[in-house]
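Visitor: Pasting the sequence and the predicted coordinates here, then a few questions.
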Amino acid sequence: MKSFSLNATSRRLPAAFSLTEVVIAMGVAAVAFTSIIALFPLGLNMSKESYEATQAALIAQSILADLRDQNSSTLGKLIQKTGSNAMTSANYEIIPMTGTSGPPADRYIYLAYDQQIRTDATNSPVMLRPCASSVSTNGPNEPSWFQTNAPAGAILLVKVSIKNTFRMSATGKANPQRVDVTVESPANAPATKRVQYIFSGVIPQT
Amino acid sequence: MNLSPHLLLRRLLRIQNHTYATPVLVRPTIEAHLTPFILRGFARAFTLIELMAATTVLSVILLMMVGMQDQMSKAWSNSNRRTDATREARAACLLMAQDLSSFAMRGKAFGQYDSFPTNLTTAPVPFYYFNGSGGIAPGGATECAQFFGLIPQASKSNNTGDIALVGYYIASTNQTNVNGFVTSSYNLYRYYIPPSNAVAGIASWLSSANGTAATLFTNIAANSEILARNASNLQIKVYGSTNAPVTNGFNFSNVVSTSSKDFYRGNKMGIELSFYPEDSAQKITNSAWMNKTNIQKYARSFEFKIDCPKN
C-alpha cells in the first residue's frame, strides 16, 4: 500500500496544467467577469441621471421664481444662497438690476448644491439645497471651487447668468433681463467633464 | 501443435513479440519519468478525488455567478423603480407648477378686480391648504399638506363659470387583488372640477358669509385621479414679503412709491414632495409611511418654488 501511494503521488505531481492552459483559462474568466461587472454601473447611472435631470429642472424653476421676487423698488432681485428658504437677508443675495449709469454688466451667480435635511418642514426630508455661493457683478468670474475644487459633499453646481436684453427703456437701462441657468454634474469632476442641463428665462427688471 | 494456453491467446490476438510487454517488467514510476508528457496524459484518467474537487470548484463558481446575476437583476430593477419614481415626481411637479402659476390671483385692490364679491376680502384667493392633519381629503393622511384653489379658464368676467377647481392631496387607497388580498398604498391625487360643474359649488360658497372649503370642494374622491404613486410627503409654504409665513391666502405687498411704480415682493410658493421608490414602498408599513426617518432614508425628495403672478 505504501509503494502504491508513493507511486500515485509521483505520477500526479507532473500532471499539472501548463502555463498556457492557466493563462487561457484566466483570460476567459476575466473577460466573463468584466462584462458582468460592467453592467452594474450602467443601471445605477440611469437612475442617477434621471434624478439629476429632474432636480436640475426644479432648481432652475426655483431660481427663476426667486429672481422675479424683488427686494425693494431700488434694490435688485433675490436669489437663494443657503439651505434655508426663510425670507431673510442672510439667506438671499440681492442681485442689482440697474447700473449706476446705464445698463449694468452681465451678472453671474455660482451656487453649489448638496443634500441637506430640510429643517423648516414637518417631515424634514433630505433634499438638494444651496451650500456655497459666489456672485460676480461684472462678467463671468468663476470661483475656484466651481472650476476644480467643489465643496465637500456637493452634488450639483449651478451657474446663473443675468444679461441685458435688446429692449431698452427710455432711461437707457435694459428692461427685461435674460436669465440662463446651467446645472452641472457631477460636482467633483473637472469643468470639461460635467454634464450640463441648460435652462433659459426672462425676468422683468422691476 | 500443442500450444500452451498462453501462446494460443497471443496468436488469437495477433500480438507480435516486440509489442508485447508485461506490466511487471517496467515499474510504473520509471515509466512515468521516461514516457513523453502527452503519452502519459493519455495513459492516465482523472481520479475520483480530482473529479470531486473540480466539481466542487465549478459549483462554487456557478453559485457565485448565479448570486451575482441575482444581485445584478435586483440592482437593475431597483434602479428602474427609482427612475420610475423620479419620472412620476417630475410629471407631478410640472403639472402642479402649471396649476399653481395659473391660480386666480388678486390685484392690489381687493373687491374691485377679478369679479369676486367683497366677502372674499378676508380670503384674497379661494385657496386652502393644510399643513399637517385636519385636511378634508378622503382618507386624508396626517402630516401631509393638501391644497385647493381656483384656476381661471378664460379671461376674467363677472361670471364665475370661467373658473375651475383644482386641488392636490395625499391619501391611501385600498386595492384587492385576485386572491382577495387587500393592500393599501398612499398616492398623490389631483382633484379637478371643470367649470361646468364648479359653478354651483363656487356660487354657493360665494353666497355664504364665511364659506368653508368643505362646501366648496365636494365629491373629492369621485373627482380625483392618481397623479403619482407612493407619495409620502407634500408640504406647501407661501413666502410673503417678510419671514412670517402667509396663512390666509395670497397678499401682494405692493408698495406704492412716489413714482407710482410698484415693486413686486413676496408671494412665492414653495412645494416639497417626497416619493418612495416601489421597492422601498413595499417594505414600509402604512403606520410608518409618513415617518420622518423613513422619508429621510428611503424617499426621493423634490422642491420647487413658483412665482405667483398678480393677474
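Guide: Here it is on my side, so go on.

Visitor: alpha carbons only for contacts and neighbour counts from here, please
Guide: Noted.

Visitor: In stretch B:89-100, which residues are buried?
Guide: By neighbour count with 16 or more other C-alpha atoms under 10 Å in any protein chain shown, stretch B:89-100 contains the buried residues B:89, B:90, B:92, B:93, B:96, B:97, B:99, B:100.

Visitor: Please apply the same query to stretch B:54-72.
Guide: With burial defined by 16+ other C-alpha under 10 Å, the residues of stretch B:54-72 counted as buried are residue B:72.

Visitor: and what of stretch A:194-204?
Guide: Of the residues in stretch A:194-204, those scored as buried under the neighbour-count criterion (16+ other C-alpha under 10 Å) are A:194, A:195, A:196, A:197, A:198, A:199, A:202, A:203.

Visitor: per-domain residue ranges of chain A.
Guide: Residue ranges for the domains of chain A, per automatic domain parsing: A:2-34, A:45-203.

Visitor: ranking these by burial, who's on top?
Guide: domain A:45-203 (a mean of 19; mean count of other C-alpha atoms under 10 Å in any protein chain shown).

Visitor: Now secondary structure, pLDDT and distance to chain B too, for the buried residues of stretch A:194-204, in JSON lines please.
Guide: Supplementary listing: the buried residues of stretch A:194-204 in JSON lines, determined by DSSP: H, G, I helix; E, B strand; the rest coil; pLDDT from 0 to 100; distance: C-alpha to the nearest C-alpha, whole Å:
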{"residue": "A:194", "secondary structure": "coil", "pLDDT": "93", "distance to chain B": "21"}
{"residue": "A:195", "secondary structure": "strand", "pLDDT": "93", "distance to chain B": "18"}
{"residue": "A:196", "secondary structure": "strand", "pLDDT": "94", "distance to chain B": "18"}
{"residue": "A:197", "secondary structure": "strand", "pLDDT": "95", "distance to chain B": "15"}
{"residue": "A:198", "secondary structure": "strand", "pLDDT": "95", "distance to chain B": "17"}
{"residue": "A:199", "secondary structure": "strand", "pLDDT": "95", "distance to chain B": "15"}
{"residue": "A:202", "secondary structure": "strand", "pLDDT": "87", "distance to chain B": "13"}
{"residue": "A:203", "secondary structure": "strand", "pLDDT": "85", "distance to chain B": "11"}
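
Visitor: from the residues you listed, which single one is nearest residue B:189?
Guide: When the buried residues of stretch A:194-204 are compared for distance to residue B:189 (C-alpha to C-alpha), residue A:199 wins out at 28.6 Å.

Visitor: these two touch, right, that closest one and residue A:180?
Guide: Yes - here residue A:199 reaches residue A:180: they are 5.8 Å apart, a contact under C-alpha atoms under 8 Å.

Visitor: Pick out the residue nearest the middle of chain A.
Guide: With distances taken as C-alpha atoms, centre = their mean, residue A:156 lies nearest the centre of chain A, 1.9 Å away.

Visitor: give me every residue that touches that one.
Guide: Under the criterion of C-alpha atoms under 8 Å, 6 or more residues apart in numbering or on different chains, the contact list for residue A:156 reads A:112, A:113, A:114, A:183, A:184, A:185, A:186, A:187.

Visitor: Okay, and the beta partners of the first one?
Guide: Counting by DSSP bridges, residue A:112 forms beta bridges with residue A:132, residue A:157.

Visitor: Give me the local confidence score for it.
Guide: Turning to residue A:112, the model gives it a pLDDT of 96.

Visitor: That one reaches residue A:157, doesn't it?
Guide: Yes - judged on C-alpha under 8 Å, residue A:112 makes contact with residue A:157 at a distance of 4.5 Å.

Visitor: these two touch, right, residue B:89 and residue B:228?
Guide: Yes - between residue B:89 and residue B:228 there is a contact at 6.6 Å, judged by C-alpha under 8 Å.

Visitor: where do the contact lists of these two overlap?
Guide: Contacts common to residue B:89 and residue B:228, judged by C-alpha under 8 Å, 6+ apart, are absent.

Visitor: Which secondary structure state does residue B:81 sit in?
Guide: Going by DSSP: H, G, I helix; E, B strand; the rest coil, the secondary structure assigned to residue B:81 is helix.

Visitor: how near is it to residue A:189?
Guide: 27 Å (C-alpha to C-alpha, to the nearest Å).

Visitor: Find the nearest non-adjacent residue to residue B:294, please.
Guide: Nearest in space to residue B:294, with sequence neighbours left out and distances taken as C-alpha to C-alpha, 6 or more residues apart in numbering or on different chains, is residue B:288 at 7.4 Å.

Visitor: and what of residue B:302?
Guide: If the residues on either side of it in the chain are set aside, residue B:302 comes closest to residue B:273, at 5.2 Å by C-alpha to C-alpha, 6+ apart.

Visitor: Now do the contacts for that neighbour.
Guide: Shown here is residue B:273, whose contacts under the criterion C-alpha under 8 Å, 6+ apart are B:89, B:231, B:232, B:233, B:234, B:235, B:301, B:302, B:303.

Visitor: how close does the fifth one sit to chain A?
Guide: The one in question is residue B:234. Note on residue B:234: its distance to chain A, by C-alpha to the nearest C-alpha, to the nearest Å, is 9 Å.

Visitor: so that residue bridges to which residues?
Guide: For residue B:234, the beta-bridge partners are residue B:273 (DSSP bridges).

Visitor: you'd agree it is up against residue B:271?
Guide: Yes - taking C-alpha under 8 Å as the definition, residue B:234 is a contact partner of residue B:271 at 7.3 Å.

Visitor: follow-up on the earlier one: rebuild the domains of chain A as CSV, extending it with distance to residue B:73.
Guide: Formatted as CSV, the entries for the domains of chain A read as follows, by distance: least, C-alpha to C-alpha, whole Å:
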stretch, distance to residue B:73
domain A:2-34, 15
domain A:45-203, 14
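
Visitor: By mean pLDDT, show me the worst of those.
Guide: domain A:2-34 (a mean of 72).
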